[in-house]
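>>> Sequence first, then the predicted structure:
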Amino acid sequence: MDTRRARRILVLALTSLVALQVPVSAQPSAVGAEAGDPIVSAMMSIPATGPSDSCSVAEPRYVRSATPQLVWTVTTSSGQASRPVFEIVDVVTDEVRWQVADTALIPSGSSHSTSVPDRAETRLLDGRTYEWRAGGRDVATGRAGVLSSCRFTVDLVRPGRTTIASLAGPGLTEYPEDFAVSGGGDGLFRVSVDPGSEVSGFKYSFDSDSFTQWIAASADGTADIPFTAATARPGSHSLYAQAVDRAGNVGESRVYRFTLARGPATVQFVDVRSGHQFYREISWLAGRGITTGWVLPDTTREFRPAGLVNRDAMAAFLYRAAGSPSFVAPDVSPFIDVRVEDQFYREIAWLAHTGVSTGWSTPAGAEFRPLAPVARDAMAAFLFRYFDRVLMLVPHDYSPADAAPFVDVPETTQFSREIAWLSETGVAEGWPTDLGPEYRPSTGIAREAMAAFLFRLSL
């Protein structure tokens, strides 16, 4: 009789103690094994978000426990019980990490379950690949069956912190975090983890921390979660997400809050994305109708955040910030360089009517110089007069507590009072230097900075 025993790679079970066990329906054949040899069949158990349910030497699987529970089934042709034969071997060092010293009998066709002891010398090590070899010895014949093998890698490291970003693109509405978007459409949120983290996918849910939905990660470790505006109620929403790796380890959860508001759609700019330093402020400016930007040939809009604010645009900003009040512009322009048919004539005339701007006196008459960039000192004057004469929010006898908060704006400077007011309100902090903060009054004001100033003054 041929006593050679054929080795056969069979599916075995890897699971943590909390996993569910599902028996395999097919029994392996005993071809090549001697009559009476115990034959190992399998039981599989996998967490709901864990790795694949197959296990072999050729394709190792991952387990998220250093002391996993392992289950296998032994069947003897004699129908007699068998004793477990079991060992775990480090694939790299060929060291036997643990062997079963159990003398308990396993009835033929029954499963045997054992857990790796939680001891320093037996506990499995993170990142190491092990080969699990299992079988049984027939107590009636004394024969041991061929050991079936399975490889697995221990992964005890949770994925890194999940990040969420709202994407922009054709047909998509960008939903910045903690900000209301009026009349928004469908959105797309990209979830990812810290660089270097391995991830298989993400559990997520909207407006609850149930994490009932699953999306697989792409090769770069990211996934895009859709948001359907048509089925969402107006108001605040929350996207909960957490990364899951190949072993089923779950990362720290992340909550991203955004608001779908009623009303006309908020203007969105192709050159101001959610990662922009002043995205929130510029979006607020657009949401209030204070700015509409420039329409491009493809109907998208640009804000041009780094562009300087001209004086005519400043007039438009302040007029719209005031709610575009009812005002009939005079038939004769208050400024000799602003025609009644010019784009922002009404806004500039309103600025003159309210006393926010008086322009420059010349022998020919008052000039507004609409295309001149607004310097930071003039911007302070515009905002101070707007709050004083339009909103009437500045006390008549206002005097700043610190008349010269900036080293480059002495108290004798033309607009020192207005600049000190801007500092006192917390709107302008200037630039820190060794000598103290500088305001740089002659510097032009960028459109993004103007959005920030108006937003801060609205709080």
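Alright, I've got the coordinates.

>>> Using the three-state scheme, assign Ile164.
Following DSSP: H, G, I helix; E, B strand; the rest coil, we place Ile164 in the strand state.

>>> To what extent is the closest residue to it other than its chain neighbours buried, counted in neighbours?
Spatial nearest neighbour of Ile164, excluding adjacent residues (C-beta to C-beta, 6 or more residues apart in numbering): Tyr256 at 4.0 Å. Using the backbone N, CA and C atoms, a C-beta is placed for each residue, glycine as well. Tyr256 has 22 neighbouring residues, counting by other C-beta atoms under 10 Å.

>>> And the host helix or strand of Tyr256, what's buried?
Assigned by DSSP states H and E, Tyr256 falls within strand 254-261. Residues of strand 254-261 classed as buried by neighbour count (16 or more other C-beta atoms under 10 Å): Arg254, Tyr256, Phe258, Thr259, Leu260, Ala261.

>>> Any idea which of those the model trusts least?
Within the buried residues of strand 254-261, Ala261 has the lowest pLDDT, namely 79.

>>> If it is in a bridge, with which residues?
Beta-bridge partners for Ala261, by DSSP bridges, are Ser182.

>>> Quick one: low-confidence residue ranges for the stretch 151-300 of the chain.
183, 262-266 (pLDDT under 70).

>>> Going along the chain, name the helices of it.
Ranges of helices in the stretch 151-300 of the chain, per DSSP state H, counting those that start in this stretch, are 279-287.

>>> Show me this structure divided up by domain.
22-154, 162-264, 284-458 (automatic domain parsing).

>>> could you dump the ones you listed to TSV with distance to Gln277?
Output for the domains of the chain, formatted as TSV (distance: least, C-beta to C-beta, whole Å):
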stretch	distance to Gln277
domain 22-154	37
domain 162-264	13
domain 284-458	7
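
>>> of those, which approaches Asp271 most closely?
domain 284-458 (4.9 Å; C-beta to C-beta).

>>> how far is the closest one from where the chain is centred?
36 Å (C-alpha atoms, centre = their mean, to the nearest Å).

>>> now do stretch 83-102
So, by C-alpha atoms, centre = their mean, the centroid of stretch 83-102 is 43 Å from its chain's centroid.

>>> Pull the residues that contact it.
The contact list for stretch 83-102 (C-beta atoms under 8 Å, 6 or more residues apart in numbering) reads 70, 74, 103-106, 112, 114, 116-117, 122, 124, 128-137, 139, 144-145, 147, 151.

>>> Only the buried members of those residues: can you turn that into a PyMOL selection?
Buried subset of the contacts of stretch 83-102, written as a PyMOL selection, criterion 16+ other C-beta under 10 Å:
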select buried, resi 70+74+106+112+114+116+124+128+130+131+132+133+134+135+136+137+139+144+145+147+151
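
>>> In strands, which of the contacts of stretch 83-102 fall?
70, 74, 112, 114, 129-137, 151 (DSSP state E).

>>> Would you point out the most distant pair within these?
Thr129 and Arg137 (27.0 Å).

>>> and the most centrally placed residue in the chain, what does it touch?
The residue lying closest to the centre of the chain (C-alpha atoms, centre = their mean) is Ile164, at 1.3 Å. Shown in contact with Ile164 (C-beta under 8 Å, 6+ apart): Glu177, Phe189, Arg190, Val191, Leu239, Ala241, Arg254, Tyr256.

>>> of all those residues, which comes closest to Ala364?
Glu177 (52.6 Å).

>>> neighbours around the closest one, how many?
Neighbour tally, Glu177, other C-beta under 10 Å: 16.

>>> Contacts only, for it.
Neighbours of Glu177 in contact, by C-beta under 8 Å, 6+ apart: Ile164, Ser166, Tyr256, Arg257, Phe258, Ser274.

>>> redo that, cut-off 6 Å
Tyr256 (C-beta atoms under 6 Å, 6 or more residues apart in numbering).
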